[in-house]
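Peer 1: with the sequence up front, the predicted model follows.
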There are 2 protein chains.
Amino acid sequence: MAEYRLCLLLLSLTTIISYSVQSLGSPPPLRSPSYKRAPRFLGRFSGPTKSHLQIQPQYETKYFEQRLDHFSFSDLPTFQQRYLVSTEHWIGPQRLGPIFFYCGNEGDIVWFANNTGFVWEIAPQFGAMVVFPEHRYYGESFPFGSKDEAYKNATTLSYLTTEQALADFSVLITELKQNLSCKDCPVVLFGGSYGGMLAAWMRIKYPHIAIGALASSAPILQFEDIVPPETFYNLVSSGFRRESSSCFNYIKQSWSDLASTGQTNDGLVQLTKTFHLCQELKRTEDLSDWLESAYSYLAMVNYPYPSEFLMPLPSHPIREVCKRIDGCPAGTSIAERIYEGVNVYYNYTGEAACFELDDDPHGMSGWNWQACTEMVMPMSSSQELSMFPTYEFNYSSFQEECLKDFGVKPRPKWITTEFGGHNIHATLKNFGSNIIFSNGLLDPWSGGSVLKSISESIVALVTEEGAHHIDLRASSPADPDWLVEQRATEIKLIEGWIDSYHEKRKVTFSM
Amino acid sequence: MAEYRLCLLLLSLTTIISYSVQSLGSPPPLRSPSYKRAPRFLGRFSGPTKSHLQIQPQYETKYFEQRLDHFSFSDLPTFQQRYLVSTEHWIGPQRLGPIFFYCGNEGDIVWFANNTGFVWEIAPQFGAMVVFPEHRYYGESFPFGSKDEAYKNATTLSYLTTEQALADFSVLITELKQNLSCKDCPVVLFGGSYGGMLAAWMRIKYPHIAIGALASSAPILQFEDIVPPETFYNLVSSGFRRESSSCFNYIKQSWSDLASTGQTNDGLVQLTKTFHLCQELKRTEDLSDWLESAYSYLAMVNYPYPSEFLMPLPSHPIREVCKRIDGCPAGTSIAERIYEGVNVYYNYTGEAACFELDDDPHGMSGWNWQACTEMVMPMSSSQELSMFPTYEFNYSSFQEECLKDFGVKPRPKWITTEFGGHNIHATLKNFGSNIIFSNGLLDPWSGGSVLKSISESIVALVTEEGAHHIDLRASSPADPDWLVEQRATEIKLIEGWIDSYHEKRKVTFSM
C-alpha cells in the first residue's frame, strides 16, 4: 500500500506546482494525507543560466521602486523590482513606438528573457521597445532586502500574490511611459505558462494599460472545478499512449512493481542500483516522485526538434523514451525498462554518473507559497486514463499541509473570484478583446487553457503538435511549418491590434 | 488678503471631498497652504435617517465575514460587513432570478437603501433579489470592532480603499450565489455618485461577477488631468448664472465684501448677526466655507420638484435662491442678500433660530481619508467662469495637509493606474460592455463623468435638466417627462442585458 508523492512542475517557464498522488496499484485506495513537497527543479532552472538563443538579447538592467502592498496604505517598506529593457529597435515616442512587455513569472527574469526569443526576434519589425520585468519575490526582486528575509515566514511572504504582481507591472509601465514621454505608446503583453496567465489577466483587468496580450500555454482555467482535476495527468498519459500503448502500460504497471520491490528486504538497495542513484534510496516514494516529474516535464517539452530548454533532449522526446522502454530485450524487468526510458530525460548526454533525486529539499520556494495561497490547482489522477498512480485531490489534506508548511490557509476560490474562469466564453463574449490564447495539444497544461476562440479578437490558436509555449521560443531552422505559420498569425494579430489602436486614437481625437 | 477654505461635498449620496480655495478677490494671490477640513454634512447625512420613500423598502439585515486585505495573506482580523437583502420579489434560482446589487458608498447603507427608490421599485418587475451591501469603514461595517478603533490611525485606516471594497462586493456576491444555489443568476450593479464609480469600475474589473452596471452621476474622470480641475466649480457657477447673471455677480462679489467686513473692528460680530449664527464668528473663512458648501449642494440637488434629500427644498432651488438674492430692495447690502439666498438652503422650513457653521469639526471621516489617499480629485476655481474665490489646486500643499491630518501620503496617480480614465473612449471602445453612465447636466459632478456613449452597450444617458443621480430616486407624481423616459430607457437596457445573458448561456451550453 504505497503512497506516491508527485512533484509536478508547471515547468515551461519553471512554474512549479506540487501536490500529491496516492497509489492505487492493486491495494484498495487509502484516504491518506496529501503531501506537498519541494519543487525539484526550481533551484536548477530559475537561476540565471546561459542562453540557448541564437540571438543573444541586448538589454540594460534597471531597478524600480515598488510599493509592497498596492491595495492598502500600510506603512510598509518598498522594494526594488528588477527589469530588463531594450530600446535598441524602438522607433521612439513621436512615432508611438510600441512597448513589448513580458509578464515575468516565477523565477529569474534573465532566464525568461533568454528563453523567450520570439519577443526579441519580432521587436525590430515593430520598432518596439522590449521590457522584461521580474516578478516580485523572484530573481533579485525581493522585499525586505534579501531572499532570506523575504521568505522568512508567512508575514513576509504575504505580499507574494498575482494581483500585487499585476499592479507592479501596471505601475512600472505607467511610470516608464511617463518618463519616456510616450504615454500614448501602445503596450503589448507577452507571457508563457504562469506568465501567460498574468498576461491574459492583465489585459482583462488593465485594458487601459495594454492593448493586447499573447498568453501562451496559460492554464487560466485550471482552478476550482472549471476543468476536471484529472485533465493534466490524463494529457501527460495520452502523450505516452499515442507513442506506444505498451509504453503507457509499462509505466502504469511500474508503480506497484517499484512499491513491491521497495518493501522486500534489499529492495531499496536494489532500486538504488537499478536507477543509478548517488545516495541510497530511503523511500520508494522519492523515486516515484522523480519519475513522475520526468514524465510530466517530458510531456511539456515534447518539442518536434532537439532542445535544451530544461535538459538537453532529442526531438519528440517521449517517442524516444518509449522506444527505450519498449525496446529492451524480452525478460527485462519493468524497473530496468523504466530506468532506460527516464535516462533519456535525465541523462540524454550520458554525462551523469549517478542521480540525485532531490536538489531542493526544503521547498520554501515562491511557487510553493503561491500554490498554497491563491494558485490552488486541484489535480487528480484517474484510474482509467492516467498512467500515474491513482489519486483524488483532497482539499482538506491540502490545506492541512499548507498550514503545516507555511502557516497559511489557502483561498481556493479567490482566483476565480478575482479573475473569473467559470463560463469564460459567456463572460468574455462581448467583453474584452485582443487576447491570443496559444496552446499546443501535446502540452498537458493545454487542458486548463482556452482552446476555442471566444470572440473575433479573443482568439485561441491551437496546434496539434505543439508543446508548452513553443511559440515563444526563438525561431530555429528546425521549426516545423505549423510553428512558422502559428508565429506568423500571432504577428499579424498583434499588427492588427496596433493598427486598430492608431485608428481609434484618430477617431476619438476628432470627436 | 483673505483665504477661504471650501468644503465640497460630493454630496448626492454624501460623498464628501474637501479641498481648499484661495481668495483672489482684489488683492494679488498668495501661495498659501492648502487646507483640508471636516466634511460638514457627513455626521448629519450618513447616519440612519427616516426614509422619504413612498414605498418603504423591506429587507433583512445580515452580516458577512470579510478579509481585511484581499490582496495579501497577512494575518489580519476579519470584520463583519453589513448588508441588507430582500428576496420578497425574487423568482428564485431555478428561473435564474436576477440579483440587483447596489454598491454601497461612503455612509450608512440604510440611508442609501432608503434613498435609492428606483432599485426597489423596479425589482418586482424583474423578479429580482435586492442586495445593499455596506462599504467597509462606514455605517456598522468597521474592522477592529468599532469605528473608534477602525479610525484610530493610518495603520487601522489603511485598508479603506476602493479596491478592497470592490473585492468585498465580489466575495459577498460569490458566496451569496453559492449559498442560494444560484451561481448562474445574473447580477446587475447599481450605484450613485461614489457608489456609481464603484458600480462602473466593478463591471469593468469583475465582468464575470456582474453582467452590467447603472452608474449614475459617477465622476470617474475627475482624476489627475483627465478633466480640467475647474470643471466642478464652473458647473456650479453656471447653474446660478443660467438663473440670473446678477445673482451670479452678487455671489462672486460677496467673498471680498465678507472678507473686508471681517477685517473691520466689529466685522465678525456684524457678520454673526447678519447670518444669524449661533456662535460668534471667529474667522470669515468659516462663513465662506459654509456658503460655498450650500452653493455646491444646491447645484447637486437642483431638482425640478420639491425634495427632502439633504434638506427640505423647493423645486428648482437655485432659482429660488437667486430670486431671494436679486429680490431684495435696492440698498440691501450684499451680505444681507447672500443671507436671504442661503436661507433657502439651510432653513427653507423656517424652523432654524440660528445656524451652526460646522457640526463635524474633527474631520476624521472616512471620505477625508479616501480623498487623502486614492480619491485625489484636483479642484480649482477659475477667475472667469467661477463665482467662487479663485483657487488653483496645489498638489504639494494638498499632500502636506494629508500628511498632517492622517500621516499618509496621497497616491494621486493610483486611481488612473488601477481603473484607467485617460482616453476612456479609445480604451473601452472594443472592450467592456453593459454600462450606463447617467448624468444630469445641472449636476456639477457631470463634468467628471462619461457624457458620450462609448459603444453600443456602454451608453451615456444625459439629461439637460437632471441633477445628481435623480434617476436613482423613487419615482414621484412630480417627475417630469424626461425623467420618466430616462428611467424607462434604463429599464429597457437592463432588460436587454439580462435577455442577452440568457441567450449567451444557451449558445455556450450548446457548444
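Peer 2: Here it is on my side, so go on. Numbering: from 1, shown residues only, chains lettered A, B, ... in the order given.
Peer 1: from B:Asp69, how far off is the residue of the stretch 301-450 of chain A found nearest chain B?
Peer 2: Per CB to the nearest CB, A:Gly420 is where the stretch 301-450 of chain A lies closest to chain B, at 3.0 Å. Glycine gets a C-beta too; all of them are placed from N, C-alpha and C. As judged by CB to CB, to the nearest Å, A:Gly420 and B:Asp69 stand 21 Å apart.
Peer 1: how about A:Leu68?
Peer 2: Going from A:Leu68 to B:Asp69 by CB to CB gives 12 Å.
Peer 1: okay, now the unreliable bits of chain A?
Peer 2: A:1-55, A:358-364, A:508-511 (pLDDT under 70).
Peer 1: cutoff 50 now
Peer 2: When residues are selected by pLDDT under 50, those of chain A lie in A:1-53, A:361-364.
Peer 1: can I see the domain layout of it?
Peer 2: For chain A, the TED database gives the domain ranges A:60-225+A:414-510, A:230-347.
Peer 1: quick one, helices of the stretch 51-200 of chain A?
Peer 2: In the stretch 51-200 of chain A, the segments counted as helices under DSSP state H, counting those that start in this stretch are A:109-114, A:117-126, A:147-150, A:154-157, A:162-179, A:194-205.
Peer 1: what is the biggest helix by length in chain A packed up against?
Peer 2: When chain A is parsed with DSSP state H, its longest helix is helix A:481-509. Helix A:481-509 is packed against helix A:117-126, strand A:187-192, strand A:212-216, strand A:435-440, strand A:458-463, helix B:424-429, with contacts defined by 3 or more CB pairs under 8 Å, 6 or more residues apart in numbering or on different chains; DSSP states H and E.
Peer 1: dump those to TSV, plus distance to A:Pro304.
Peer 2: Listed next are the helices and strands packed on helix A:481-509 as TSV, based on distance: least, CB to CB, whole Å:
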stretch	distance to A:Pro304
helix A:117-126	16
strand A:187-192	18
strand A:212-216	16
strand A:435-440	10
strand A:458-463	10
helix B:424-429	40
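Peer 1: could you dump the ones you listed to CSV with mean neighbour count and distance to A:Glu175?
Peer 2: CSV is the format used below for these (neighbours: other CB atoms under 10 Å in any protein chain shown; distance: least, CB to CB, whole Å):
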stretch, mean neighbour count, distance to A:Glu175
helix A:117-126, 20, 21
strand A:187-192, 29, 13
strand A:212-216, 30, 20
strand A:435-440, 28, 25
strand A:458-463, 20, 29
helix B:424-429, 20, 19
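Peer 1: nearest to A:Asp266, out of those?
Peer 2: Minimum separation from A:Asp266 across the helices and strands packed on helix A:481-509 (CB to CB) falls at strand A:435-440, 43.6 Å.
Peer 1: is it true that A:Ser476 touches A:Tyr305?
Peer 2: Yes - using CB atoms under 8 Å, A:Ser476 is in contact with A:Tyr305, at 6.3 Å.
Peer 1: ok, back up a step: just list the residues touching the residue of the stretch 301-450 of chain A closest to chain B, thanks.
Peer 2: Contacts here follow CB atoms under 8 Å, 6 or more residues apart in numbering or on different chains; on that basis A:Gly420 touches A:Ile204, A:Thr427, B:Tyr206, B:Pro207, B:His208, B:Ile209.
Peer 1: let's see 10 Å
Peer 2: A:201, A:204, A:220-221, A:223, A:226, A:427-428, A:431, B:170, B:206-209 (CB atoms under 10 Å, 6 or more residues apart in numbering or on different chains).
Peer 1: re the thing from before, export the helices of the stretch 51-200 of chain A to TSV and tack on distance to B:Trp482?
Peer 2: Formatted as TSV, those follow (distance: least, CB to CB, whole Å):
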stretch	distance to B:Trp482
helix A:109-114	57
helix A:117-126	50
helix A:147-150	59
helix A:154-157	56
helix A:162-179	40
helix A:194-205	37
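Peer 1: pick the most buried one from those helices.
Peer 2: Among the helices of the stretch 51-200 of chain A, ranked by average contacts under mean count of other CB atoms under 10 Å in any protein chain shown, first place goes to helix A:194-205 (a mean of 28).
Peer 1: just the C-alpha atoms of it, please, in CSV.
Peer 2: What follows is helix A:194-205, C-alpha atoms only, in CSV (Å, rounded to 0.1, in the frame of the first residue of the first chain):
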residue,chain,number,x,y,z
TYR,A,194,2.2,31.4,-15.3
GLY,A,195,3.5,34.5,-17.2
GLY,A,196,0.8,33.8,-19.8
MET,A,197,-1.8,33.8,-17.1
LEU,A,198,-0.5,37.1,-15.9
ALA,A,199,-0.6,38.5,-19.4
ALA,A,200,-4.2,37.4,-20.0
TRP,A,201,-5.4,38.6,-16.7
MET,A,202,-3.6,41.9,-17.0
ARG,A,203,-5.2,42.5,-20.4
ILE,A,204,-8.6,41.8,-18.8
LYS,A,205,-8.0,43.8,-15.6
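Peer 1: briefly note if stretch A:453-464 comes near chain B.
Peer 2: Yes - Stretch A:453-464 is in contact with chain B by CB under 10 Å from any CB of the partner chain, via A:Ile454, A:Ser455, A:Glu456, A:Ser457.
Peer 1: ok, of the residues you listed, which come out buried?
Peer 2: Among the residues of stretch A:453-464 next to chain B, those classed as buried by 16 or more other CB atoms under 10 Å in any protein chain shown are A:Ile454, A:Ser455, A:Ser457.
Peer 1: what's the closest non-adjacent residue to the first one?
Peer 2: Yep, that's A:Ile454 we're talking about. Nearest residue to A:Ile454, sequence neighbours excluded (CB to CB, 6 or more residues apart in numbering or on different chains): A:Leu428, at 4.9 Å.
Peer 1: anything in stretch A:65-80 near chain B?
Peer 2: Yes - using CB under 10 Å from any CB, stretch A:65-80 reaches chain B at A:Arg67, A:Leu68, A:Asp69, A:His70, A:Phe71, A:Ser72, A:Phe73, A:Ser74, A:Asp75, A:Leu76.
Peer 1: and that stretch, how far from the chain's centre?
Peer 2: In terms of CA atoms, centre = their mean, to the nearest Å, the centre of stretch A:65-80 is found 27 Å from the chain centre.
Peer 1: buried ones in that stretch?
Peer 2: Applying 16+ other CB under 10 Å to stretch A:65-80 flags A:Gln66, A:Arg67, A:Leu68, A:Asp69, A:His70, A:Phe71, A:Ser72, A:Phe73, A:Ser74, A:Leu76, A:Phe79, A:Gln80 as buried.
Peer 1: CA atoms of it as PDB?
Peer 2: Extracted in PDB, the C-alpha atoms of stretch A:65-80 (Å, rounded to 0.1, in the frame of the first residue of the first chain):
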ATOM      1  CA  GLU A  65      11.000  51.100  -6.500                       C
ATOM      2  CA  GLN A  66       7.600  49.400  -5.900                       C
ATOM      3  CA  ARG A  67       5.200  49.500  -3.000                       C
ATOM      4  CA  LEU A  68       4.900  46.200  -1.200                       C
ATOM      5  CA  ASP A  69       1.100  46.500  -0.900                       C
ATOM      6  CA  HIS A  70      -0.600  48.400  -3.700                       C
ATOM      7  CA  PHE A  71      -4.100  47.900  -2.300                       C
ATOM      8  CA  SER A  72      -3.600  49.300   1.200                       C
ATOM      9  CA  PHE A  73      -1.900  52.300   2.600                       C
ATOM     10  CA  SER A  74       0.000  50.300   5.200                       C
ATOM     11  CA  ASP A  75       3.300  51.800   6.100                       C
ATOM     12  CA  LEU A  76       5.500  49.000   4.600                       C
ATOM     13  CA  PRO A  77       9.000  49.100   3.100                       C
ATOM     14  CA  THR A  78       9.200  49.500  -0.600                       C
ATOM     15  CA  PHE A  79      11.400  47.100  -2.700                       C
ATOM     16  CA  GLN A  80      13.400  47.300  -5.900                       C
END
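Peer 1: ok, whichever residue of the stretch 201-350 of chain A sits closest to chain B - contacts?
Peer 2: Nearest residue of the stretch 201-350 of chain A to chain B: A:His208, at 3.0 Å (CB to the nearest CB). Residues in contact with A:His208 (CB under 10 Å, 6+ apart) are A:170, A:174, A:187, B:204, B:416-424, B:426-428, B:431.
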